[in-house]
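> Need a 3D model of the following:
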Amino acid sequence: MNKLELLAKSKNGILVYYKPLNSHTAVHFAETPQLKSLVEEAINKSILEGEYLQFDTDLGRIIGNTDEVENSKGDKIVYAKRKLRNTYTPFNKTKSPKPCSIIAMGLTRLSDNSYELLSAWIGSVNSPAYPGDDDETPESKPYWTSHSLVWGTQEIQSGTETSKCPW
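Purely as a prediction, here's the structure:
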């Protein structure tokens, strides 16, 4: 059983929990050590309302690097499945991460006074779901054909790397 752990309290008194094992949040916290304290800071400044929230917060200073980049002609693109994911993500082996002041989060309501943090990352929430995801939209394929994550910034599942677009 994957127990929830208290992470932070929002500006309007809502408690935010996360799964410290085998969750997207746990993977991102492990990959980006400063992310947990940045999420706590952003939640403390936020008013949380609604069933499912996906939002970003500009913390007003460089907090790390975003690994989402726009592809350019000639970039070397590969595809792989990230840890705990079932769909392929495009990765750019040519570009480097960029400094960023924005933290993004996805949360779902647990009760009237609590949420679970489903995922968090440095960067914005402007990108659609990946092609093949349950939340895929008509914008997913066009967007992720022209954008990717920087190779080497996230753990991938061994043996899933391919140079052929899987969608």
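> residues of the longest helix belonging to the chain that come out buried?
If you go by DSSP state H, the chain has its longest helix at helix 35-44. Residues of helix 35-44 classed as buried: 35-36, 38-39, 42-43 (neighbour count, 16 or more other C-beta atoms under 10 Å). C-beta coordinates here come from the backbone N, C-alpha and C atoms, glycine included.
> For the most centrally placed residue in the chain, pull up the helix or strand it's in.
Taking C-alpha atoms, centre = their mean, the centroid of the chain lies closest to residue 121, which sits 4.2 Å from it. Here residue 121 sits within strand 114-122, counting by DSSP states H and E.
> Which strands or helices does whatever helix or strand comes next after that strand pack on?
Moving toward the C-terminus from strand 114-122, the next helix or strand (DSSP H and E) is helix 140-146. Under the contact definition 3 or more C-beta pairs under 8 Å, 6 or more residues apart in numbering; DSSP states H and E, helix 140-146 sits against strand 88-92.
> contacts for the strand it packs on?
For strand 88-92, the external contacting residues (C-beta atoms under 8 Å, 6 or more residues apart in numbering) are 69, 71, 75-82, 130-132, 144-145, 147-151, 154, 156, 160, 162, 165-167.
> next one: stretch 13-26
In this structure, residues lying in contact with stretch 13-26 by C-beta under 8 Å, 6+ apart are 2-10, 43, 48, 84, 107, 110, 113-120.
> Nothing else from me, thank you.
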